[in-house]
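**Q** I'll drop the sequence and a predicted model, then ask my questions.
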Amino acid sequence: MCRLFGCRTAAPGGVAHELLHGANALRVQSREHPDGWGLGWYVGRVPQVVRSLTAAHGDEDFEEVSSFVKASTILAHIRKASIGRVSLENTHPFEWGPWLFAHNGTLPHWEESRAAVEAEIEPALRDKLRGETDSERCFLAFLSRLSRRCDPTMASFADAAAALAETVRIAVGACGPDAATTFLATDGRMMLACRRGRTLYVSAAEPDRDGRVAWFAVASEDPRLHEPVPPGRSAWREVRAGAIVGVDADLRLCRAAL
C-alpha cells in the first residue's frame, strides 16, 4: 500500500500544506509508509521528478522540494513496499514521455499473475521496464491501451479514462477481484484518478461560466482531516468506489465509470 496526492491548477502554485504542514499531510502519513517518496511537476510538458529511498518524514530533501516547488501540475507519492524491493526503480511516480503515474494498492497473487499483465504491454513499451512492481506494469499497460486509441502525447480525457478503465479490467482479470487499483495519472495538461480498492478524495473549486476550475486536487487520504478549509481551497469529498475523476486539458471537471 502507498499514499498519493496530485493537483492541477490554472496558475502555478505550491502544495506545502498538503505535503508538509497539514494534520494529515504526506509527511505525516509517511511514518506508516516509509519506503521512499517521489515528487513530480512540469516545466512546459516535460516532467521533473525527484525520488528518494528515505522516509519523507525524515528527509530534508522532501521538505525542501515540497516547500519550494510551484507548478500548475504536481504529483506526489509515498511508498510502503509490498511488491518489489525498496529501490529507485520501484519508486513512484513512473514516467514515460509527458506521463506520470502512481498507484495506491496491491495486485494479489502477483507471481502467478505477472505474466498475464505483462502480456498486455506493447513490446516496444515492455523494453522500458526497469523495476519489479505491479504498479509499473499497470502503467505500461495503460500506455499500451492508450496508444491503441490515440497519440499518447496528445490524448483527450475520454481516451485516457477509457484506457485507465481497461487497465483496471486487465489487473482484475489477471489477479482477481481483490486487486486494489487506485491509480493517478497526468500528462501535465490533464489529470485523472480512479478508485478501486482504496479510498480516494477530491477537492475542486467552483466552475466558472465556461465550466473551468481554478483548482483541482486528488488524494488517497483527506490531507486536512478536520482542519478548517484554507482560503481559496474547497472541502475534500470522498470519491465513490468505481469512479474516475479528473480535469481535462482545459481544466473542466470530468467523471467516468470504471
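**A** Arrived safely, thanks for sending.
**Q** does Pro108 really touch Ala174, like I thought?
**A** No. Applying Cβ atoms under 8 Å as the test, Pro108 and Ala174 come out as separate, 10.2 Å apart. In this view, the C-beta of every residue, glycine as well, is placed from N, C-alpha and C.
**Q** and these two? Which one has more around it.
**A** Per other Cβ atoms under 10 Å, whichever of Pro108 and Ala174 has more neighbours is Ala174, with 23 against 16.
**Q** please enumerate the helices of the stretch 101-250 of the chain.
**A** 110-118, 123-126, 134-149, 157-175 (DSSP state H, counting those that start in this stretch).
**Q** tell me which of these is the most buried.
**A** Across the helices of the stretch 101-250 of the chain, the average number of neighbours (mean count of other Cβ atoms under 10 Å) peaks for helix 134-149, which reaches a mean of 23.
**Q** what's the average pLDDT for stretch 222-229?
**A** Regarding stretch 222-229, the rounded mean pLDDT is 68.
**Q** and stretch 107-127, by the same measure?
**A** Stretch 107-127 comes out at a mean pLDDT of 96.
**Q** quick check: end-to-end length of it?
**A** Stretch 107-127 has its terminal residues 22 Å apart, counting by Cα to Cα, to the nearest Å.
**Q** what residues does it touch?
**A** Residues outside stretch 107-127 that contact it (Cβ atoms under 8 Å, 6 or more residues apart in numbering) are 83, 96, 129, 134, 137-138, 140-141, 143-145, 147, 170-171, 173-176, 178-181.
**Q** name the helices or strands packed onto the longest strand seen in the chain?
**A** Across the chain, the longest stretch assigned as strand under DSSP state E is strand 2-13. Where contact means 3 or more Cβ pairs under 8 Å, 6 or more residues apart in numbering; DSSP states H and E, strand 2-13 is packed against helix 26-29, strand 71-79, strand 99-104, strand 182-186, strand 191-194, strand 215-219.
**Q** can I get the first one in CSV, CA atoms only?
**A** The one in question is helix 26-29. The C-alpha trace of helix 26-29 is given here as CSV (Å, rounded to 0.1, in the frame of the first residue of the first chain):
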residue,chain,number,x,y,z
LEU,A,26,2.0,13.1,3.2
ARG,A,27,4.9,13.7,5.6
VAL,A,28,2.8,12.6,8.5
GLN,A,29,1.4,9.6,6.5
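**Q** shaky segments in the stretch 101-250 of the chain?
**A** 224-232 (pLDDT under 70).
**Q** what pLDDT does the model give His17?
**A** 85.
**Q** thinking it is in contact with Ala25, fair?
**A** Yes. With contacts counted by Cβ under 8 Å, His17 reaches Ala25, the gap being 7.1 Å.
**Q** and those two? which has more neighbours close in?
**A** More crowded of His17 and Ala25, by other Cβ under 10 Å: Ala25, with 24 against 16.
**Q** my read: that one touches Glu221, true?
**A** No. Look at Ala25 against Glu221 with Cβ under 8 Å: they stay out of range, at 9.7 Å.
**Q** shared neighbours, the two?
**A** Residues touching both Ala25 and Glu221 (Cβ under 8 Å, 6+ apart): none.
**Q** coming back round to it: compute the inter-axis angle for the longest strand of the chain and strand 215-219.
**A** Using axes from the mean of the first three to the mean of the last three Cα atoms, to 10 degrees, the inter-axis angle of strand 2-13 relative to strand 215-219 is 170 degrees.
**Q** quick one: Pro47 and Trp41, what's the gap?
**A** The spacing between Pro47 and Trp41, counted by Cβ to Cβ, to the nearest Å, is 7 Å.
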